[in-house]
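Undergrad: Model the following, please.
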Amino acid sequence: MRTNISLILTICSLSNVNSFNCLSMKVAPLSKMEPENQLRRRGFSSILGSDESGNGCVAGPIVVSTCAMLRESLDPIDGVDDSKKLSPDERRRIFNEITTNKLDYAWNVVVVESGIIDETDVPTATKEALKQSIEDLVEEFELPVAETYSIVDGHKTPKLSIPMKCRPWVKGDAQVYTIALASIIAKCTHDNLVLQMHERYPQYGFKDNKGYPTRDHVAAIHKHGPCPLHRMTAKPLKGR
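TA: Prediction:
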C-alpha cells in the first residue's frame, strides 16, 4: 500500500502496458542511449528508467529510484555504468552530477523499511515501491502519459494505475542509460542508509556487508541476535 512505503526524496517519476516488441534487445554502449533514442523516434518525449538496491539484504530497507532526462540533447555523464561495476567514488561523482543538475535530470527515491518487507515479501514490496516511484515522478513533473515510456530493470513491471507504457529489461542497469542512472541513485542512497544503520548497531558490520548475508554478518546474528533493522522473514532469521 502507498501509505506503507516511506518516500524520502522526490524530484520526479512514471509507467504500465508491457511492450516487448518495440525495442531492440541489441546491446550497445550505454553512452549511445540506443533504447532511449529508439523510443524518441517513436514519439515518446519522456523515457524513465527504474531500479532497486537492497533486495538481497537481510537487514535494512529496499531502495527504489526512477530517473529521467529532461532534455533530448543531453551529453551522457562520463563513466555511467551498472552501479555494481563502479567504485564508491565513481558512484558518488555520478550521483552528485545527476542530483545537482535539476534542469537536466528528474529523479526520486522510495525507501521500503524492513518492517514493511516482513509484512509482505521482497517482490511485493519492490513492485509497490516501483509503482509509487514511477507514478510520483509522472505526477510531480506533469509528464504527458501518452508520450511517456518506462523501463524497469528485471523480469517484471509493476501494475500501474495510469495508462502508461512500461516494460521490463533484464540486465537493464548495464544496457539502458536511464536505468543505469536510477541504479546509481538507488545504490548511493542505500549505502548512505547502511552507514546510518552501522552507527546504531556496529556489532553487525553493516558498513562492510551493506546488510547482505555475508558469513561474518550471519555469525554476528547468531552471536548477538537480530536487531530491529533485520528482516525477520529472511532465511537466516526465520524462527528467531
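
Undergrad: give the contact list for Lys223.
TA: Gln203 (Cβ atoms under 8 Å, 6 or more residues apart in numbering). In short, each C-beta sits where N, CA and C put it, glycine included.

Undergrad: mind running it again at 10 Å?
TA: Taking Cβ atoms under 10 Å, 6 or more residues apart in numbering, we find Lys223 in contact with 203-204.

Undergrad: ok, so what distance separates it from Ala182?
TA: Plainly put, Lys223 is 37 Å away from Ala182 if you go by Cβ to Cβ, to the nearest Å.

Undergrad: Show the contacting residues for Gly49.
TA: Neighbours of Gly49 in contact, by Cβ under 10 Å, 6+ apart: 14, 35-36, 65-69, 107, 150-153, 169, 172-173, 176-183, 185.

Undergrad: Would you agree it falls within a strand?
TA: Yes: according to DSSP: H, G, I helix; E, B strand; the rest coil, the state of Gly49 is that of a strand.

Undergrad: residues in contact with the closest residue to it other than its chain neighbours?
TA: Leaving aside its sequence neighbours, Gly49 sits nearest to Thr178 (Cβ to Cβ, 6 or more residues apart in numbering; 2.9 Å). When the contact criterion is Cβ under 10 Å, 6+ apart, the partners of Thr178 are 30, 33, 35-36, 46-51, 66-69, 80, 105, 107, 150-151, 172.

Undergrad: Ok, Asp208 next?
TA: Contacts here follow Cβ under 10 Å, 6+ apart; on that basis Asp208 touches 194, 198, 214, 216-217.

Undergrad: still on that earlier bit, from the contacts of Thr178, which ones fall inside helices?
TA: Among those, the residues falling in helices (DSSP state H) are 35-36.

Undergrad: which stretches of this protein form helices?
TA: Using DSSP H, helices in the chain cover 34-41, 88-99, 114-119, 122-141, 177-200, 206-209, 215-224.

Undergrad: Those helices: lowest mean pLDDT?
TA: If you rank those by mean pLDDT, helix 34-41 sits at the bottom with a mean of 93.

Undergrad: how far does that helix sit from the chain's center?
TA: Chain-centre distance of helix 34-41: 21 Å, with Cα atoms, centre = their mean, to the nearest Å.

Undergrad: Determine the angle, from 0 to 180 degrees, between that helix and helix 177-200.
TA: Angle, helix 34-41 to helix 177-200, by axes from the mean of the first three to the mean of the last three Cα atoms, to 10 degrees: 130 degrees.

Undergrad: Now helix 34-41: buried residues?
TA: Buried residues in helix 34-41, defined by neighbour count with 16 or more other Cβ atoms under 10 Å: 34-36, 39-40.
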